[in-house]
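Chemist: Any chance you could fold what I've pasted below:
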Amino acid sequence: MYPNIDAERARNGMSKAMLAEKLGVSYSTFKSWMTGKTDIPASKVIELSKMFNVTSDYLLGLHPQNETIA
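Modeler: Below you'll find the model as predicted:
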């Protein structure tokens, strides 16, 4: 559901379990977010955007281009 999050995770050499741990959530919670079963909390989207140095719009697929944060 969120291919850009998955792409950034892979680009940064993290497994899904590693990213879940870095975000302070269980793997099952992370999986629920990624499949669209539950919404990703805004605070975690912000954390992801800072972690990967990209915009939240890009991570959520709202912007087609990978823009870095200035």
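Chemist: Please count neighbours and contacts with C-alpha atoms only from this point.
Modeler: OK.
Chemist: which residues of the protein score low on pLDDT?
Modeler: 64-70 (pLDDT under 70).
Chemist: 80 instead?
Modeler: Within the chain, the stretches with pLDDT under 80 are 63-70.
Chemist: can you pull out the strands in it?
Modeler: Counting by DSSP state E, the chain forms no strands at all.
Chemist: Return the residues in contact with Asp39.
Modeler: Applying Cα atoms under 8 Å, 6 or more residues apart in numbering, we find Asp39 in contact with Trp33.
Chemist: Tell me how far it lies from Ser15.
Modeler: Distance of Asp39 to Ser15, given as Cα to Cα, to the nearest Å: 21 Å.
Chemist: ok, which stretches of this structure are helices?
Modeler: Secondary structure of the chain (DSSP state H): helices at 3-11, 16-23, 27-35, 42-52, 56-59.
Chemist: Restrict the longest one to CA atoms and write it as CSV.
Modeler: So that's helix 42-52. Written as CSV, here are the backbone C-alpha positions of helix 42-52 (Å, rounded to 0.1, in the frame of the first residue of the first chain):
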residue,chain,number,x,y,z
ALA,A,42,0.9,11.2,11.9
SER,A,43,3.7,11.2,14.4
LYS,A,44,5.2,8.0,12.8
VAL,A,45,4.9,9.5,9.3
ILE,A,46,6.9,12.5,10.5
GLU,A,47,9.4,10.2,12.2
LEU,A,48,9.8,8.2,8.9
SER,A,49,10.2,11.3,6.8
LYS,A,50,13.0,12.6,9.1
MET,A,51,14.6,9.2,9.3
PHE,A,52,14.7,8.9,5.5
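Chemist: Deepest-packed of the helices of the chain, please.
Modeler: Greatest average neighbour count among the helices of the chain goes to helix 56-59 (a mean of 20), per mean count of other Cα atoms under 10 Å.
Chemist: roughly how far is that helix from the heart of the chain?
Modeler: 9 Å (Cα atoms, centre = their mean, to the nearest Å).
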